[in-house]
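1. With the sequence up front, the predicted model follows.
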Amino acid sequence: MEDLWSYTLTVFMAFFAIMNPIANIPIFVKLTEGQNEKKKKEIAKTSTIVAFLIVLAFILIGQYIFQIFGLTIPAFKVFGGVLIFFIGFDMLHSKKTSVHVDNESNFDDGIAISPLAIPILAGPGTIVTAMNFVVKANPLNLVITVFIFGVITILTFYAFIYSSYIVRFVGDKKFIIVGKIMGLIIGVLGANMLIQGIKLAFNI
């Protein structure tokens, strides 16, 4: 039971750090600037649903993708660890990472799909994190992973629809601090994944 709770907490922290609902609020505010609350809610709903479905698809059929292309678990963990480490590294240095944010664009309804759903919410970092937890996982762990990701998606939805109030209440400087803390957590998760991949590759 203790291992199950530990796994659940690890999955929650990993998804929360990589999706970063709090740090994504300013991005949502900027992209939906000038829109009414109804339109913002529609965009938030569409983007989070699409992101959930994309990651769910990778969770369910990710192992088949491995088989088709002849990918190995150690190689995936090593690459995923490096990728996630650099996401965290960029966040610590207040840089926009190319796997997590997109260039600014003029408003249109399509922003719900891109850049919000892809790649901000369901970017390579999120997909790698999800697949890392379910590769060779038992059915219970798979269900927990999907459930936790669903919870994070719901938190992101509410963070988006209340984004204007949260920004005014918290302030921009505190968002920067939160972003750096999340960057540290992501970097450590990436390093841990890299170490696991090396151990598997060399049977250490």
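-> Thanks, I have it.
2. what's the neighbour count on the closest residue in space to Phe12 that isn't next to it in sequence?
-> Among residues not flanking Phe12 along the chain, Ile148 sits closest, at 5.1 Å (C-beta to C-beta, 6 or more residues apart in numbering). Where C-beta positions appear, they are placed from N, C-alpha and C, glycine not excepted. Using other C-beta atoms under 10 Å, Ile148 is surrounded by 22 other residues.
3. Is Ile148 in contact with Thr8, as I believe?
-> Yes: counting by C-beta atoms under 8 Å, Ile148 touches Thr8, with 6.6 Å between them.
4. ok, longest helix in this structure?
-> Assignment by DSSP state H gives helix 37-69 as the longest helix of the chain.
5. so who does the residue nearest the centre of the chain touch?
-> Note on the chain: the residue nearest the mean C-alpha position is Met19, at 3.0 Å, using C-alpha atoms, centre = their mean. If a contact means C-beta atoms under 8 Å, 6 or more residues apart in numbering, then Met19 has 121, 126, 152-153, 156 as its contacts.
6. try it again with 6 Å
-> Met19 makes contact with 126, 152, according to C-beta atoms under 6 Å, 6 or more residues apart in numbering.
7. any idea how far it is from Pro119?
-> Met19 is 11 Å from Pro119, where distance means C-beta to C-beta, to the nearest Å.
8. go on, Asn192?
-> Asn192 is 23 Å from Pro119, where distance means C-beta to C-beta.
9. Looking at those two, which one has more neighbours?
-> Pro119 (20 against 16).
10. number of nearby residues for Val50?
-> Neighbours of Val50 under the rule other C-beta under 10 Å: 18.
11. again with Thr126
-> By other C-beta under 10 Å, 28 other residues sit near Thr126.
12. In which helix or strand does it reside?
-> helix 124-134 (DSSP states H and E).
13. Which stretches in this protein count as strands?
-> Ranges of strands in the chain, per DSSP state E: none exist.
14. so how many other residues sit close to the closest residue in space to Leu56 that isn't next to it in sequence?
-> Nearest residue to Leu56 in three dimensions, chain neighbours excluded: Val146, at 6.4 Å (C-beta to C-beta, 6+ apart). Residues lying near Val146 (other C-beta under 10 Å) number 19.
15. gap between Val146 and Thr72?
-> Val146 is 24 Å from Thr72, where distance means C-beta to C-beta.
16. go on, Gly123?
-> Gly123 is 23 Å from Thr72, by C-beta to C-beta.
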